[in-house]
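Peer 1: model the structure of this input:
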Amino acid sequence: MNKLFFISLCIICLSACSTATPIQSQRENEKQVQPVQSEEEQQLQAAEAQWNQNKPAHYSYVLQRTCFCPREYNDPIEIRVLNGVVQKAMLPLDHEPLPSVRMDEALTINNLFDVIHKAVDKKAAKIDVTYDRQYGYPTSIAIDWDKMMADEETYFTAKNLIPQ
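Peer 2: A predicted model of the protein is given here:
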């Protein structure tokens, strides 16, 4: 009986050593499930971190959206931002305030990052972004949402960022 007990104990110990615990198995599965980040996602993370580290509390910049829409929607907008909120939006070509019905077009730099995140999350057919070297904000965004559809592309150009 002593010998049988000893053999049983050895089998139990050996099987415990070679079998992964539930916690180990869960960790291994989590490691396998982690998606590999695309180059766009890596650049986005790095640029957004740079922006968050260097962004001025108050800044102005010019945003121009290019789309297949009426001409006035493609005009540049001069935007002033204070603590992440648009304070003023002007149409510099007309020297007029942006009409209130179009205020949702006056995007902060954080809103531009949101546009890029949305394109990545929705797996847009093509995303091309250029980032400012000093601040990290996107200076050029080109998104082709669907490769098979015409005229649904979105383009943004951000320039002349001035900390105030």
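Peer 1: show me what the helix or strand where Tyr59 lies packs onto, helices and strands only.
Peer 2: According to DSSP states H and E, Tyr59 maps onto strand 58-66. Counting contacts by 3 or more CB pairs under 8 Å, 6 or more residues apart in numbering; DSSP states H and E, strand 58-66 packs against strand 77-82, helix 109-121, strand 154-163. Heads up, the C-betas are built off the backbone N, CA and C, glycines and all.
Peer 1: right, and these - which one's nearest Ile141?
Peer 2: Minimum separation from Ile141 across those (CB to CB) falls at strand 154-163, 4.3 Å.
Peer 1: before we move on, back to that, now render the helices and strands packed on strand 58-66 as CSV, adding mean pLDDT and mean neighbour count.
Peer 2: As requested, these are exported to CSV (pLDDT from 0 to 100; neighbours: other CB atoms under 10 Å):
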stretch, mean pLDDT, mean neighbour count
strand 77-82, 97, 20
helix 109-121, 95, 17
strand 154-163, 96, 15
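Peer 1: format these as JSON lines; extra columns: distance to Cys67.
Peer 2: JSON lines is the format used below for those (distance: least, CB to CB, whole Å):
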{"stretch": "strand 77-82", "distance to Cys67": "13"}
{"stretch": "helix 109-121", "distance to Cys67": "12"}
{"stretch": "strand 154-163", "distance to Cys67": "6"}
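Peer 1: among these, which is nearest Ala46?
Peer 2: That would be helix 109-121 among these, by CB to CB, at 11.9 Å.
Peer 1: now do the closest one and strand 58-66, the angle between them.
Peer 2: Per axes from the mean of the first three to the mean of the last three CA atoms, to 10 degrees, the angle that helix 109-121 makes with strand 58-66 is 40 degrees.
Peer 1: note down every partner strand of the strand holding Tyr59 and its orientation.
Peer 2: Sheet pairing of strand 58-66 (DSSP bridges) gives strand 77-82 (antiparallel), strand 154-163 (antiparallel).
Peer 1: residues making contact with the last one?
Peer 2: The list of residues contacting strand 154-163 from outside it, by CB atoms under 8 Å, 6 or more residues apart in numbering, reads 56, 58-67, 107, 109, 112, 115, 132, 135, 137-143, 145.
Peer 1: if we can go back for a sec, and Trp51, which of the helices and strands packed on strand 58-66 is closest to it?
Peer 2: Closest among these, once you apply CB to CB, is helix 109-121, at 6.3 Å.
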